[in-house]
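Participant: Show me the folded form of this:
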Amino acid sequence: MISYDVAVIGLGTMGSFTCCELAQRGVRVVGLDRFSPPHDRGSHSGGTRVFRIAYAEHPSYVPLALDAGTLWDQYALAAGVRLLHRCGMLSIGDPASALIQGIRKSAEQYGLSTTAYAEAEIRKFFPAIHPPAGHIGIFESAAGWIDVNAAIQAAQRMSSLAGATLLDNCPVLNIVNRISHFEIVTPSQTIAAQRVVVTAGAWCGQLLSQLGLPLRVVRKVLLWARPLDPEQFSPRLLPIFAFAERFFYGFPTVSGPDVKMAIHWEAGQAVADPTLPIDPPTMDEATPVLEMAAKYLPALCGPLPSAFTRVTQLKTCLYTMSSDEHFIIDRHPEWENLVFAAGFSGHGFKFAPLVGKALADLITLGETSAPIGFLRVGARFTTPVGPG
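Facilitator: Modelled structure (predicted):
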């Protein structure tokens, strides 16, 4: 039986950066994934992810985002490839909306630089956007987009160069605590490890079933469309955009001629077992997104039903949702040599290098200076979380 210091289960976004951090510290680490990341069976599919600092969900994310931004730049320098593209982000909504209020609260609390635009100014400076009367925009110049595939590939390449063993297409069937060590059971072999990090995304609930974590997996749909007026959607005239209504968001034409967009705040289709085949996306599921586009970005696809002809691609993405939609990063309540990160609820990618560093700290040092206390289980959930 091969033995390692640490086994990282799940090599998506968080796991890949955790492996990299551990390997670069001289830890003998093995990473395992049931697929071959990057892939479309996790929460990182879709090519691009938003990076933002003035965080509407809770101000406590702001220090994490600031540190993550620094780490993204450091990883890019080390890997020799650009990962974070700071093109700015414009959030639009009623001044009383949760999105606008949340951004303002975070920006004020941490002294972040933002620019407010009135309705008429939005129409003047960002001609693709047609806000309703009374809506305002908040522009954050430090925001941008992350190249998903380049990020994961860079983290894995750097992990391997630092000595990590990465095992793709190697599903973990069970984690057995042998007191002195853990045994990681796969279809082809059993691996021993002194310590374990679980970053298995949609499979965290299954692998940590004894904890009863309040997690559910939902399938979301991403959409790409060819603009009627391409110039209006070029990065020169349009930053990343988000609207307070249902958190409808999207990207300018940063990675091709099409505009990627989706709705973040919606229920999504429940996934009982992520191991089973995922339903392919349908044009019916594109309807809510195209309705938002017709309302706020009329030069993108035009009105329905003709808007359907502008759709060039549909993809699915799996969100692993916690019950309060905040991340869960903690240590197993009985197995002190196992830590986990789960429930990133569709807004975790931007924090990946910071989470990787924090998990590496927790599993090797027992503590971390990263301000993640608010993400621990603690008393967050109304139902007990723990063995039994």
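Participant: Just to check, F349 is in contact with N149?
Facilitator: No - here F349 lies out of contact with N149, judged by CB atoms under 8 Å, at a distance of 11.8 Å. Heads up, the C-betas are built off the backbone N, CA and C, glycines and all.
Participant: So the two - more neighbours on which side?
Facilitator: F349 (23 against 15; other CB atoms under 10 Å).
Participant: Next up, the contacts around that one.
Facilitator: Taking CB atoms under 8 Å, 6 or more residues apart in numbering as the criterion, F349 is in contact with T13, S43, H44, R49, I146, V148.
Participant: Likewise for V148?
Facilitator: T13, P38, H44, S45, G46, G47, T48, R49, F349.
Participant: Report the buried members of the residues you listed.
Facilitator: T13, P38, H44, S45, G46, G47, T48, R49, F349 (16 or more other CB atoms under 10 Å).
Participant: which residues touch the fourth one?
Facilitator: Contacts here follow CB under 8 Å, 6+ apart; on that basis S45 touches P38, H39, V148, L222, K315, T316, C317, L318.
Participant: Which one (most neighbours) among these?
Facilitator: Counting by other CB under 10 Å, top hit in the contacts of S45: L318 with 23 neighbours.
Participant: which one in the buried ones among the contacts of V148 is the model shakiest on?
Facilitator: Checking pLDDT across the buried ones among the contacts of V148, the minimum falls on S45 at 81.
Participant: does it count as helix, strand or coil?
Facilitator: coil (DSSP: H, G, I helix; E, B strand; the rest coil).
Participant: And it, how close does it get to A193?
Facilitator: 28 Å (CB to CB, to the nearest Å).
Participant: one step back: I'd like to know which of the contacts of F349 is nearest to N177.
Facilitator: N177 has its nearest neighbour among these in T13, at 26.3 Å by CB to CB.
Participant: in stretch 85-105, what counts as buried?
Facilitator: 85-94, 97, 99-100, 102-105.
Participant: Give me the helices and strands touching the helix or strand containing Y75, please.
Facilitator: Per DSSP states H and E: Y75 is located in helix 61-79. In terms of contacts (3 or more CB pairs under 8 Å, 6 or more residues apart in numbering; DSSP states H and E), helix 61-79 is packed against strand 48-51, strand 84-85, helix 98-110, helix 148-161, helix 352-365.
Participant: Let's have those in TSV, adding distance to F381.
Facilitator: As requested, these are exported to TSV (distance: least, CB to CB, whole Å):
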stretch	distance to F381
strand 48-51	27
strand 84-85	33
helix 98-110	22
helix 148-161	30
helix 352-365	20
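Participant: which of those is buried the deepest?
Facilitator: When these are scored by mean count of other CB atoms under 10 Å, the highest mean neighbour count falls to helix 352-365 (a mean of 24).
Participant: now that helix and helix 148-161, what's the angle there?
Facilitator: 30 degrees (axes from the mean of the first three to the mean of the last three CA atoms, to 10 degrees).
Participant: Only the C-alpha atoms, please, for helix 352-365, written as PDB.
Facilitator: This file holds the C-alpha atoms of helix 352-365, laid out as PDB (Å, rounded to 0.1, in the frame of the first residue of the first chain):
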ATOM      1  CA  ALA A 352      -9.600  29.200  -4.900                       C
ATOM      2  CA  PRO A 353      -5.900  30.000  -4.200                       C
ATOM      3  CA  LEU A 354      -6.800  31.500  -0.800                       C
ATOM      4  CA  VAL A 355      -8.900  28.400   0.100                       C
ATOM      5  CA  GLY A 356      -6.100  26.200  -1.000                       C
ATOM      6  CA  LYS A 357      -3.600  28.100   1.200                       C
ATOM      7  CA  ALA A 358      -6.000  28.000   4.200                       C
ATOM      8  CA  LEU A 359      -6.600  24.300   3.800                       C
ATOM      9  CA  ALA A 360      -2.900  23.600   3.500                       C
ATOM     10  CA  ASP A 361      -2.400  25.600   6.700                       C
ATOM     11  CA  LEU A 362      -5.200  23.700   8.600                       C
ATOM     12  CA  ILE A 363      -4.000  20.300   7.600                       C
ATOM     13  CA  THR A 364      -0.300  20.900   8.300                       C
ATOM     14  CA  LEU A 365      -0.300  23.600  11.100                       C
END
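Participant: who's in contact with it?
Facilitator: So helix 352-365 is in contact with 6, 13-14, 16-22, 25, 27, 64, 67-68, 71-72, 74-75, 151, 155, 195-197, 199, 327, 329, 331, 337, 339, 341, 348, 367-370, 372, going by CB under 8 Å, 6+ apart.
Participant: same thing but at 6 Å, please
Facilitator: 6, 13-14, 17-18, 21-22, 64, 67-68, 71, 75, 195, 197, 339, 341, 368, 370, 372 (CB atoms under 6 Å, 6 or more residues apart in numbering).
Participant: Tell me which of those fall in helices.
Facilitator: Of the positions in these, T13, M14, F17, T18, E21, L22, L64, D67, A68, L71, Y75 sit in helices, assigned by DSSP state H.
Participant: Let's see the pLDDT reported for the second one.
Facilitator: I take that to be M14. 97.
Participant: in the chain, which residue is closest to the centre?
Facilitator: F349 (2.7 Å; CA atoms, centre = their mean).
Participant: Look up how far R219 lies from it.
Facilitator: F349 sits 17 Å away from R219, going by CB to CB.
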